[in-house]
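**Student:** could you look at this predicted model? Sequence included:
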Amino acid sequence: MRNVDIIIIGGGPAGLAAAVSAYESGCRDILILEREEKLGGILKQCIHNGFGLKMFHEELTGPEYAKKYIDKVIAYGIPYECDTMVIGISDDKTVTAVNRVNGVQVFKAKAVVLAMGCRERPRGALAIPGYRCSGIYTAGTAQRLVNLEGIMPGKKVLILGSGDIGLIMARRMTFMGAQVLACVELMPYSSGLKRNIVQCLDDFGIPLLLNHTVVDIKGRERLEGAVVAEVDPETKKPIPGTEQCFDCDTLLLSVGLIPENELTKMAGVKLGESTKGAEVDESLETSADGIFSCGNVLHVHDLVDFVSKEAEKAGANAYRYVKGDMKKTGGGVEVKNGYGVSGTVPQFIHPESMDEPVNFMFRPKGVYKNAEICVEAGGQRIYSRKSRILSPGEMVNVQLSPEVFKQVPCIEDVTVKVEA
């Protein structure tokens, strides 16, 4: 068994930022475990630009963004093991991993940072009828095929779901000479960023069909077409008589992301119902002592810049925990989702011992125009701001200083809500 101060599981944008932050905070005993052959995570295949505007104040591609952190990891001499699968983690922070070079390894950590990212929801979760023919891919798989392996999935493409990866792949497939017929979305709004709707669909004349879904697949060996129908906005059930068939050889699925929390469950960490990630406090520590969570494994983000910012906090606080500087009083105050709010992170805070600003992040449940974002504690409003428009595709950030909470006596809970 090998002793390590901080083990970081995942070498994507969250894991890299957490490692760099922990090092810059003073930790010199860090280990990154990454299951893929190279560091960088999903950013390796995201060759489009738009990254880094908030973190670095410049527009970067995914690989360029990842390289900034990888260069720091190498310069600092932070150890990492790629092509290494973590197969076990316990609540006492014992981590078991395996790779081809070292075989099975067991590490005893003083703190663990969970940064495993997320995975795409597959066709099997959608209950679409039809044969399991070739030509159906998740948008991320198609992105990897095109950008990293130089393989074109098809020439006539239909996209189900309007997540950011699907929107970006609509543009990418168009650039590669394919015909993108439409982007089909079940909800009355897109789940992607507004800028991606404009730059990836509108600029290329690709229609976005809201309140529609795929109801049938044509083809036995290879996809030959897909039947799309309008759905009732309330029940989400297809409306008879609205069916239209798209002649296509490729269907890309961009229907949501799921945090990779199998290891989180193994460690006995409590998961949130709405985020599907760990429940954390203001320091990003989970219900398991000394285990922290950040990035898309905690909750699915809209921008990688926010992932990095959150991960930097997790890495720094993990080292504070190792040093014994993490002083928390009380059992924690619950953060509740009020009207129009889904998946607020953190789920608990410690107002009495808070010594750094807390950043609340959430997604609106719907589209709200000229709305007010509010935070209430101890029966009184402690924060509010107007917003011209809120939508589920874009996260909302609210940062509050410790002094704001210390001015409110007897806080039993905190509520984040939208007033529309």
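**Tutor:** It's in. The model shown is predicted, which means the values in this text are computed figures rather than measured ones. Numbering: from 1, shown residues only.

**Student:** need the contact list for the residue most central in space within the chain.
**Tutor:** The centre of the chain sits closest to Val300, judged by Cα atoms, centre = their mean, with a distance of 2.4 Å. Val300 sits next to 118, 257, 259, 275 when contact means Cβ atoms under 8 Å, 6 or more residues apart in numbering. Every C-beta, even on glycine, is put in place using the N, C-alpha and C of the backbone.

**Student:** ditto for Ala278
**Tutor:** The contact partners of Ala278, by Cβ under 8 Å, 6+ apart, come to 114, 261, 264, 269-272, 286-287, 293, 297-298.

**Student:** how many neighbours does Pro392 have?
**Tutor:** By other Cβ atoms under 10 Å, 17 other residues sit near Pro392.

**Student:** hang on, the earlier thing: export the contacts of Ala278 as CSV, with columns for secondary structure, neighbour count and distance to Asn147.
**Tutor:** Below are the contacts of Ala278 laid out as CSV (DSSP: H, G, I helix; E, B strand; the rest coil; neighbours: other Cβ atoms under 10 Å; distance: Cβ to Cβ, whole Å):
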residue, secondary structure, neighbour count, distance to Asn147
Leu114, strand, 35, 27
Asn261, coil, 21, 27
Thr264, helix, 25, 29
Val269, coil, 21, 34
Lys270, coil, 13, 37
Leu271, strand, 16, 32
Gly272, coil, 19, 32
Thr286, coil, 25, 34
Ser287, coil, 18, 38
Ser293, strand, 32, 29
Val297, helix, 28, 23
Leu298, coil, 33, 26
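
**Student:** okay, now the unreliable bits of the protein?
**Tutor:** The model of the chain has pLDDT under 70 over residues 330.

**Student:** and it, what are its domains?
**Tutor:** According to automatic domain parsing, the chain comprises the domains 1-120+257-326, 122-255, 328-420.

**Student:** what's the most buried one of those domains?
**Tutor:** Of these, the one with the most neighbours on average (mean count of other Cβ atoms under 10 Å) is domain 1-120+257-326, at a mean of 20.

**Student:** what's the helix or strand for the residue nearest to the centre of the chain?
**Tutor:** Secondary structure from DSSP states H and E places Val300 outside every helix and strand.

**Student:** now it: how far from Glu262?
**Tutor:** Distance of Val300 to Glu262, computed by Cβ to Cβ, to the nearest Å: 16 Å.

**Student:** how about the secondary structure of the nearest residue to Arg2 once chain neighbours are set aside?
**Tutor:** Leaving aside its sequence neighbours, Arg2 sits nearest to Phe107 (Cβ to Cβ, 6 or more residues apart in numbering; 5.2 Å). Recorded secondary structure, Phe107: strand (DSSP: H, G, I helix; E, B strand; the rest coil).

**Student:** quick one: Phe107 and Ile8 touch, right?
**Tutor:** No - the criterion here is Cβ atoms under 8 Å, and Phe107 misses it with Ile8 at 11.2 Å.

**Student:** hey, what's in contact with both of the two?
**Tutor:** Residues within reach of Phe107 and of Ile8 at once, by Cβ under 8 Å, 6+ apart, are Leu31.

**Student:** please give the element, helix or strand, for Leu143.
**Tutor:** For the record, residue 143 is Gln, not Leu. Counting by DSSP H and E, Gln143 is part of helix 139-147.

**Student:** let me see the ranges of the strands in the stretch 251-400 of the chain.
**Tutor:** Ranges of strands within the stretch 251-400 of the chain are 257-259, 291-293, 333-337, 341-345, 348-349, 358-364, 368-377, 380-390, 396-400, based on DSSP state E, counting those that start in this stretch.

**Student:** whatever helix or strand comes next after the last one - contacts with which helices or strands?
**Tutor:** The helix or strand immediately downstream of strand 396-400 is helix 402-406, counting by DSSP H and E. Counting contacts by 3 or more Cβ pairs under 8 Å, 6 or more residues apart in numbering; DSSP states H and E, helix 402-406 packs against strand 380-390.

**Student:** the strand it packs on pairs with which strands?
**Tutor:** Applying DSSP bridges, strand 380-390 is found paired with strand 368-377 (antiparallel).

**Student:** now the angle from the strand it pairs with to strand 341-345?
**Tutor:** Using axes from the mean of the first three to the mean of the last three Cα atoms, to 10 degrees, the inter-axis angle of strand 368-377 relative to strand 341-345 is 50 degrees.

**Student:** chain center to strand 368-377: distance?
**Tutor:** 23 Å (Cα atoms, centre = their mean, to the nearest Å).

**Student:** now it and strand 396-400, what's the angle there?
**Tutor:** If you take the same axes, to 10 degrees, strand 368-377 sits at 30 degrees to strand 396-400.

**Student:** now tabulate the strands of the stretch 251-400 of the chain in JSON lines and tack on distance to Thr141.
**Tutor:** Formatted as JSON lines, those follow (distance: least, Cβ to Cβ, whole Å):
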{"stretch": "strand 257-259", "distance to Thr141": "13"}
{"stretch": "strand 291-293", "distance to Thr141": "26"}
{"stretch": "strand 333-337", "distance to Thr141": "32"}
{"stretch": "strand 341-345", "distance to Thr141": "26"}
{"stretch": "strand 348-349", "distance to Thr141": "36"}
{"stretch": "strand 358-364", "distance to Thr141": "25"}
{"stretch": "strand 368-377", "distance to Thr141": "34"}
{"stretch": "strand 380-390", "distance to Thr141": "31"}
{"stretch": "strand 396-400", "distance to Thr141": "30"}
